[in-house]
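**Q** This is a predicted model, with the sequence first.
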Amino acid sequence: MTILDKIIAEKRKEVAELKKKNIEPVIEKRVPMFKEKVKQSNQMNIIAEIKRASPSKGEIDASVDPIARAKQYEKLGAAAISVLTDQRFFNGSMDDLRQVREAVDIPILCKDFIIDPVQIDYAKANGANIILLIVATLSQDELAELYHYAKGLDLEVLVEVHNEEEMKRALELNAEIIGINNRDLKTFDVSLSTTEKLASMITNSDTILVSESGMKIRANVELARDAGAKAILVGETFMLAENLEEKFQEFQVELSKSSVK
Ligand SMILES: O=P(O)(O)OC[C@@H](O)[C@@H](O)c1c[nH]c2ccccc12
């Protein structure tokens, strides 16, 4: 049983609990759409993540103050903020998301393992603007159902893939925002060449490509940019940076130099 299987087993229990709850909207805030931000920007769009811990790294920064951190990301020019809401494996929570929602006016990605519409209701009620759907964890029917359900709630959807077969499924769905995860969620191996390999399968110039995971230095970001990524998703490197401002600037590369797809 891989960690991913364990996480999904845990999610099934969570879903059963959520179904018993009455989900009330906590916050409603109008923020710009991520998609629009990306279209208007000629700089790499950075989705900065709040990540206390992960199954691959263990503890990263357990004491992070999500509000202060989110404000800092916003001030530095993040296009969106990703909040890990899984408790068990990432030490995150929906409370984190809600607090971040109150603190910033940019789009927020609810970073979790979504397998049921009730989780989408819950994310939306707590102020998320974007949800993540991981193709590896869903059948094509489930993927389509959850995708359209989220869209119907005016949420944006980041559809995550890691190999060719998954990319084909994301394309079949006509996903507007596709994330290529450089980390294999089953083995935790990270390779930036995943982005290089899969990016060329995208032929629609309106599709927004996000390169996810493993960004450590500017050259990694440039590689993603040259492969066609308009955005990157960065967790660990920002969480561990001694000088966050410097790291952020290091990652802000021009997009105009890339072959504008
Ligand atoms: O910390 P990193 O290597 O910068 O990665 C961030 C993000 O891509 C990663 O947290 C992630 C991408 N897809 C996920 C799915 C579930 C949990 C976590 C993730």
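**A** Structure received.
**Q** make it CA atoms for all contacts and neighbour counts henceforth
**A** Fine.
**Q** Return the nearest residue of the stretch 1-150 of the chain with respect to the ligand.
**A** The nearest approach of the stretch 1-150 of the chain to the ligand comes at residue 112, 5.9 Å away (CA to the nearest ligand atom).
**Q** what's the closest non-adjacent residue to residue 198?
**A** Closest residue in space to residue 198, ignoring its immediate chain neighbours: residue 164 at 6.5 Å, by CA to CA, 6 or more residues apart in numbering.
**Q** so how many other residues sit close to the one you found?
**A** By other CA atoms under 10 Å, 14 other residues sit near residue 164.
**Q** and it, what pLDDT?
**A** Confidence at residue 164, expressed as pLDDT, is 98.
**Q** And residue 48, how far from residue 218?
**A** Residue 48 is 15 Å from residue 218, where distance means CA to CA, to the nearest Å.
**Q** what about these two, which has more around it?
**A** residue 48 (28 against 16).
**Q** for the more buried one, phi and psi?
**A** Main-chain dihedrals, residue 48, degrees, to the nearest 10: phi -100, psi 130.
**Q** likewise the one 4 residues further on?
**A** The main-chain torsion angles of residue 52 are listed as degrees, to the nearest 10 and equal phi -80, psi -40.
**Q** thinking again about what came up before, so what's the residue of the stretch 1-150 of the chain closest to the ligand scoring on pLDDT?
**A** Residue 112 is assigned a predicted lDDT (pLDDT) of 98.
**Q** List the residues that contact it.
**A** With contacts defined as CA atoms under 8 Å, 6 or more residues apart in numbering, residue 112 is in contact with 84-86, 131-132.
**Q** do the same with residue 251
**A** For residue 251, the contact set (CA under 8 Å, 6+ apart) comprises 44, 217-218, 221.
**Q** Contacts for stretch 121-133 next, please.
**A** 23-29, 33, 94, 97-98, 101, 107-114, 120, 143, 146-147, 150, 153-160.
**Q** quick one: which of the residues you listed sit in helices?
**A** 94, 97-98, 101, 120, 143, 146-147, 150 (DSSP state H).
**Q** where does residue 63 land in three-state SS?
**A** Assigned by DSSP: H, G, I helix; E, B strand; the rest coil, the conformation of residue 63 is coil.
**Q** Pull up the residues of the stretch 1-150 of the chain that are close to the ligand.
**A** Neighbours of the ligand within the stretch 1-150 of the chain, by CA under 6 Å from any ligand atom: residue 112.
**Q** which stretches of the stretch 1-150 of the chain form strands?
**A** Secondary structure of the stretch 1-150 of the chain (DSSP state E, counting those that start in this stretch): strands at 45-50, 53-54, 58-59, 80-84, 108-111, 130-134.
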